[in-house]
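Asker: Below are the sequence and a predicted model; questions follow.
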Amino acid sequence: MSNKISTIAKNIKIVRNKNGISQDRLSKLADVAYNTIIKIESGAIKNPTIDTLAKIAKALNVTVNDLIK
C-alpha cells in the first residue's frame, strides 16, 4: 500500500507543477486544508480520503484514477 501512496503524492505534485499551481493555490481550488496538501505530497498522510482525492483531482482537472495509477 505504501507504494501506491507515494504514487498518489508523486502524481499530484507532477500534475500540479505541470499546471503551474502552487500548493497554496491547490488547497484553495480544491477546498482542502493547505496542511493536508503538504502532508499528502510529503507522504505524511498515507491514505487520503476518496473525498479529498476527488476534490484535488477536480481542482487539477484530472480524474481520481489519473492520480492513483
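Answerer: Thanks, I have the structure now.
Asker: State the distance from Leu67 to Asp31.
Answerer: Applying C-beta to C-beta, to the nearest Å, the value for Leu67 to Asp31 is 16 Å. Bear in mind the C-beta positions are built from the backbone N, C-alpha and C, glycine included.
Asker: Ile37 too?
Answerer: Applying C-beta to C-beta, the value for Ile37 to Asp31 is 11 Å.
Asker: Have a look at these two and say which one is more surrounded.
Answerer: Applying other C-beta atoms under 10 Å to Ile37 and Asp31 shows that Ile37 carries more neighbours, namely 26 against 11.
Asker: Thought Arg25 was touching that one, still the case?
Answerer: No - contact between Ile37 and Arg25 fails when scored by C-beta atoms under 8 Å: they sit 9.6 Å apart.
Asker: Can you name every helix or strand that the longest helix anywhere in the chain contacts?
Answerer: The single longest helix within the chain, with elements called by DSSP state H, is helix 2-18. If you count contacts as 3 or more C-beta pairs under 8 Å, 6 or more residues apart in numbering; DSSP states H and E, helix 2-18 packs onto helix 23-30, helix 34-42, helix 50-60, helix 64-68.
Asker: ok, 7 Å please
Answerer: In terms of contacts (3 or more C-beta pairs under 7 Å, 6 or more residues apart in numbering; DSSP states H and E), helix 2-18 is packed against helix 34-42, helix 50-60, helix 64-68.
Asker: so which of those gets nearest Ile21?
Answerer: helix 50-60 (7.3 Å; C-beta to C-beta).
Asker: what angle sits between the closest one and helix 34-42?
Answerer: Inter-element angle recorded for helix 50-60 and helix 34-42: 90 degrees (by axes from the mean of the first three to the mean of the last three C-alpha atoms, to 10 degrees).
Asker: Buried residues, helix 50-60. List them.
Answerer: 52-53, 55-57, 59-60 (16 or more other C-beta atoms under 10 Å).
Asker: Understood, closing this out.
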